[in-house]
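1. Sequence and predicted structure below; questions after.
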Amino acid sequence: MRLENKVALITGGYGGMGRASARLFAREGATVFVAGRSEERGDALAADINEAGGKCYFLQLDVVNQEQWDAAVAFVKAQVGALHSLVNIVGSNALVRLPKVDIDEWNKIFEINVTGTLRGIQTCAPLIRDSGGGSIVNIGSVAGITGNFSTGYSSSKWALEGLSRSAAYIYADWGIRCNVIQPGFIETDLTAAMSSNPLVKKMASKAMNNTVLLRRSGKAEEIAFTALFLASDESSYITGTDIVVDGGWFSSAPYLANERSHHMLQLLSTKDKAQHLMDDFLKHFR
């Protein structure tokens, strides 16, 4: 098993990506601490994992509350005495945008997406160091490597990239690696509710087909497997970087939309064939 005898703390652990990660980590041998604000949802997930043969605890945590972070790390240490992986998934995607940004809302999204992650990193790092080192995995977004209409969200995810690289730099001698996963459009509880609308589903399908190389949205499990790789010793020489998990959107969307809307590859292929025929024809007159 890839995380045998390891301990992982996952924030936002009962949401779509968090739930998939918690279950996968437990199957791979980790003792998992699912952290979040809802005791009901957290206890239910922990019970499911334990009934399936895994080992999971729920701990109540609001990532913007330092006292709760301190209590969470103390709880982990009291229960199992170690921590090897911190996976920061919790975040806000509230729409805060130019040309008129509400500064209170701006500060709130940064408090959750950036400062909350910072609190987790610096609170958990000493225990990870004392446990022999490990890995911190932060969940960003392709909005954090591109421009985005959601000014607050995009800006906070760009900041998360800088925070993660700084943590990799600072904690390298502690035996701690830190990396970022940059997801594209991933099917989660929130997007599933939106996609239940037939019109929205049709529009989303068309958008995926025209802008994503793999012609579909991602699955929460696909983020979980990436987090598993970064949390495991298989990625022991990877730190201070990011992995984009977006089906090829970031690398090709501007060109792909044009190609798939206007069948550019087909036209170019036809043009190439026509050029070859013309070249063969002209050979007879040379």
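-> On my side now, so go ahead. Residues are numbered from 1 along each chain as shown.
2. nearest residue to residue 56 other than its sequence neighbours?
-> residue 49 (3.9 Å; C-beta to C-beta, 6 or more residues apart in numbering). Every residue, glycine included, has its C-beta placed from N, CA and C.
3. can you pull the contacts of the one you found?
-> 22, 23, 26, 32, 55, 56 (C-beta atoms under 8 Å, 6 or more residues apart in numbering).
4. repeat that for 10 Å
-> Counting by C-beta atoms under 10 Å, 6 or more residues apart in numbering, residue 49 touches 19, 22, 23, 25, 26, 27, 32, 34, 55, 56, 57, 58.
5. Make sure the second one is actually in contact with residue 87.
-> Right, the one you point to is residue 22. Yes: at 8.9 Å, residue 22 counts as touching residue 87 under the criterion of C-beta atoms under 10 Å.
6. Pull up the overlap in contacts between the two.
-> 8, 10, 12, 13, 32, 35, 224.
7. which residues are contacting stretch 61-71?
-> 9, 11-13, 33-37, 42, 59-60, 72-73, 75, 88-91, 108, 111-113, 115-124.
8. rewinding a little: tell me which two in the shared contacts of residue 22 and residue 87 are the farthest apart.
-> 35 and 224 (15.9 Å; C-beta to C-beta).
9. Looking at the two, which has the bigger crowd around it?
-> Using other C-beta atoms under 10 Å, the more surrounded residue of residue 35 and residue 224 is residue 35, with 32 against 24.
10. wait, is that one part of a strand?
-> Yes: assigned with DSSP: H, G, I helix; E, B strand; the rest coil, residue 35 falls within a strand.
11. Sheet partners, orientation included, of the helix or strand hosting residue 59?
-> Per DSSP states H and E: residue 59 is located in strand 55-60. Strand 55-60 has its sheet partners listed here by DSSP bridges as strand 31-36 (parallel).
12. how far does the helix or strand following the partner strand sit from the chain's center?
-> If you walk from strand 31-36 toward the C-terminus, the next helix or strand you reach (DSSP H and E) is helix 39-51. Put simply, helix 39-51 sits 22 Å off its chain's centre (C-alpha atoms, centre = their mean, to the nearest Å).
13. Which positions in helix 39-51 come out as buried?
-> 41, 42, 43, 45, 46, 48, 49 (16 or more other C-beta atoms under 10 Å).
14. can you list the residues you listed in CSV and add distance to residue 246?
-> Output for those, formatted as CSV (distance: C-beta to C-beta, whole Å):
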residue, distance to residue 246
41, 27
42, 29
43, 33
45, 26
46, 30
48, 29
49, 28
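15. Redo the residues you listed as JSON lines? Include pLDDT and distance to residue 249.
-> Shown next, in JSON lines, are these (pLDDT from 0 to 100; distance: C-beta to C-beta, whole Å):
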{"residue": "41", "pLDDT": "96", "distance to residue 249": "30"}
{"residue": "42", "pLDDT": "97", "distance to residue 249": "32"}
{"residue": "43", "pLDDT": "97", "distance to residue 249": "36"}
{"residue": "45", "pLDDT": "97", "distance to residue 249": "30"}
{"residue": "46", "pLDDT": "98", "distance to residue 249": "34"}
{"residue": "48", "pLDDT": "97", "distance to residue 249": "32"}
{"residue": "49", "pLDDT": "98", "distance to residue 249": "32"}
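16. hmm, back to that, just the buried residues of the contacts of stretch 61-71.
-> Buried among the contacts of stretch 61-71 (16+ other C-beta under 10 Å): 9, 11-13, 33-36, 42, 59-60, 72-73, 75, 88-91, 108, 111-113, 115-121, 123-124.
17. about what we covered before: now the shared contacts of residue 22 and residue 87 in CSV, with secondary structure and distance to residue 245?
-> Formatted as CSV, the shared contacts of residue 22 and residue 87 follow (DSSP: H, G, I helix; E, B strand; the rest coil; distance: C-beta to C-beta, whole Å):
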residue, secondary structure, distance to residue 245
8, strand, 19
10, strand, 17
12, coil, 17
13, coil, 19
32, strand, 21
35, strand, 22
224, helix, 10
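18. possible to save these as JSON lines with pLDDT and distance to residue 80?
-> Listed next are these as JSON lines, based on pLDDT from 0 to 100; distance: C-beta to C-beta, whole Å:
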{"residue": "8", "pLDDT": "98", "distance to residue 80": "11"}
{"residue": "10", "pLDDT": "98", "distance to residue 80": "14"}
{"residue": "12", "pLDDT": "93", "distance to residue 80": "21"}
{"residue": "13", "pLDDT": "91", "distance to residue 80": "16"}
{"residue": "32", "pLDDT": "98", "distance to residue 80": "10"}
{"residue": "35", "pLDDT": "97", "distance to residue 80": "14"}
{"residue": "224", "pLDDT": "98", "distance to residue 80": "21"}
